[in-house]
Each structure stands twice: as C-alpha cells, then as structure tokens.
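> got a structure for you, letters missing:
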C-alpha cells in the first residue's frame, strides 16, 4: 500500500520543468509514496481551497515544487514606498504553492520544498519554516547529485512514515 503525500505543483510546465517533476515523481515511487495533487490526481467538486484542505488531511507529508509560472524582465518591489527597489529577471511561482504550503504546515505534515533558480519569497525563503529549501532537481544531475537527492527523500520519508503510522 502506498502512503499518500500532497504535492503542490503547477499543472502546466515547460519541457525542462516536466523533466524535474518526473525526477521527483520517481523518487516518490521508489519510496512507495503516492503523489496526490489537486488537478493531477484529484479534481475538486467544491471550492478548490477546501478541497486542498480535505485532501491534505488524508496525506502524511507534503512536497512543494516551486516552478516559475510568471516571468517579467523588469519590475519594482514596494513601489511608491521608501523601500522602493528596481528588480530584473523576476520569476514567480504559482500562488497555490504558498497557499498549499501553509495548509500543509498548519496540519503539521513533514514538508520537502524545492525551488527553481530565481524563485523566492514566502515558503521559498530560507528560515520561514524549519524546512530547508532545496534546489529543484534537473535532468543533468551527476551520479553523486542523484545520490544526495535520494538521501534528502530518504530522510523526509522517515518523518512521513512516522506520521502515517502514528
């Protein structure tokens, strides 16, 4: 029997992002963990945010995949305030990553957080939670990097199994 884990991941990904998603999916499968996500494995019948909560309550862990969903070459942070600052190469994940991470965190589920280069703020800032934010795995991982990634999943899945069997 597979242990369900909630995965926060956009449903539309580019080719490189899809390769990264598949790496994460394979790691979960190796550990006999079941990927559960709204819009991928489960489809809402009520309000989507309520469905996230219902689904998350039946999971023993969570994975947040911070993929770029919005790109802007330039922008301004805190516009018209004393802290105004120009920005370049702005990369933004789906807002659902933050909502779903908050729900998973509030349920006390063990979290594993990954982000693409340039993704920051909210759940993707180091020190926001007690969870380390990892670089998104890429298709060009060297053997030692694959081993390190598997170790990260092994450590996290121990907490997931503890939660599931408690």
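Yes, it's here. Predicted model only: the values in this text are computed from it and were never measured.
> and the residue lying closest to residue 152 once chain neighbours are set aside, how far from residue 63?
Excluding its sequence neighbours, the residue lying closest to residue 152 (C-beta to C-beta, 6 or more residues apart in numbering) is residue 134, at 6.3 Å. C-beta coordinates here come from the backbone N, C-alpha and C atoms, glycine included. Look at residue 134 and residue 63: by C-beta to C-beta, to the nearest Å, they are 10 Å apart.
> show me the common contact partners of these two, please.
Taking C-beta atoms under 8 Å, 6 or more residues apart in numbering as the contact rule, residue 134 and residue 63 both touch 112, 113, 114.
> who wins for neighbours among those residues?
Neighbour counts for the shared contacts of residue 134 and residue 63, by other C-beta atoms under 10 Å, peak at residue 112, which reaches 25 neighbours.
> what distance separates the opening and closing residues of stretch 37-49?
12 Å (C-alpha to C-alpha, to the nearest Å).
> and what of stretch 134-151?
12 Å.
> avg pLDDT for the longest helix seen in the chain?
If you go by DSSP state H, the chain has its longest helix at helix 143-165. Mean pLDDT, computed over helix 143-165, is 96.
> which of the residues in it are buried?
Neighbour counts over helix 143-165 (16 or more other C-beta atoms under 10 Å) mark 149, 153, 156, 157, 160, 161, 163, 164 as buried.
> residue 138 - how many residues pack around it?
14.
> as CSV, the shared contacts of residue 134 and residue 63 with secondary structure, pLDDT and distance to residue 3 would be great.
Conversion of these to CSV gives the following (DSSP: H, G, I helix; E, B strand; the rest coil; pLDDT from 0 to 100; distance: C-beta to C-beta, whole Å):
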residue, secondary structure, pLDDT, distance to residue 3
112, strand, 97, 14
113, strand, 97, 19
114, strand, 97, 19
